[in-house]
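Enquirer: sequence and predicted structure are below.
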Amino acid sequence: MTKHVLCCIDLTHAKDSIKVLLEADRQARIDDAKLTVMTVIPDYGSSWVGSFFKEGTLKEAANAASEALKTLIKTTLPDRKGTKTVVEIGVVYEQVLHQIDQLKVDLIVLGAHKPSVLDHLMGPNAAHIVRTSPVSALIVRPG
């Protein structure tokens, strides 16, 4: 029985995000599980590139991502109540794996994008999460 579903959203793929969120909601409703929707913003703050951005830009991006998640949930799942949102900064697969442990998640629902030679069917983040996750993962294909 699933008690907590973690839905991982890539805000740069808006159309696919709706499909991923709908599937996560469907999975959560099966067992009346909690639903948490998260996104990860890449951390450029400590890199050379980060020196070109003004102080607070990353925090502004995290706030905007939080609002975007809330809007996505409200417009896609208008009847759903109590959905938690999480915005993390860092490496996608590291942050997702951390949240699995933090939130005591039973199931991850995520999309797979940008296939490469190494990860032909799943994006590199999705592939890494699936390979190393201690819980079941459901991959939602784009399109």
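Expert: Now that the structure is in, tell me what you want to look at. None of the values given here were measured: they were computed from a predicted structure.

Enquirer: what about Ala14, how many residues nearby?
Expert: Neighbourhood size, Ala14 [other Cβ atoms under 10 Å]: 11. Every residue, glycine included, has its C-beta placed from N, CA and C.

Enquirer: give me the pLDDT value at it.
Expert: On pLDDT, Ala14 comes in at 82.

Enquirer: again with His113
Expert: 65.

Enquirer: other SSEs contacting the lowest-mean-pLDDT helix or strand in the chain?
Expert: When the helices and strands of the chain are scored by mean pLDDT, DSSP states H and E, helix 124-132 comes last with a mean of 84. Applying 3 or more Cβ pairs under 8 Å, 6 or more residues apart in numbering; DSSP states H and E, one finds that helix 124-132 makes contact with helix 92-103, strand 107-111, strand 136-140.

Enquirer: let me know the average pLDDT across the longest one.
Expert: Okay, so that is helix 92-103. On average, helix 92-103 scores 95.

Enquirer: kindly export it (C-alpha atoms) in PDB.
Expert: Extracted C-alpha coordinates of helix 92-103, given in PDB (Å, rounded to 0.1, in the frame of the first residue of the first chain):
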ATOM      1  CA  VAL A  92      18.500  16.700  -9.500                       C
ATOM      2  CA  TYR A  93      19.000  13.000  -8.700                       C
ATOM      3  CA  GLU A  94      20.800  13.800  -5.400                       C
ATOM      4  CA  GLN A  95      17.900  16.100  -4.300                       C
ATOM      5  CA  VAL A  96      15.200  13.600  -5.300                       C
ATOM      6  CA  LEU A  97      16.900  10.700  -3.500                       C
ATOM      7  CA  HIS A  98      17.300  13.000  -0.400                       C
ATOM      8  CA  GLN A  99      13.600  13.800  -0.400                       C
ATOM      9  CA  ILE A 100      12.700  10.100  -0.700                       C
ATOM     10  CA  ASP A 101      14.400   9.600   2.600                       C
ATOM     11  CA  GLN A 102      13.300  12.800   4.300                       C
ATOM     12  CA  LEU A 103       9.600  12.400   3.400                       C
END
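
Enquirer: what average pLDDT does the strand ranked longest in the chain get?
Expert: Identified as the longest strand of the chain according to DSSP state E is strand 34-41. Mean per-residue pLDDT for strand 34-41: 97.
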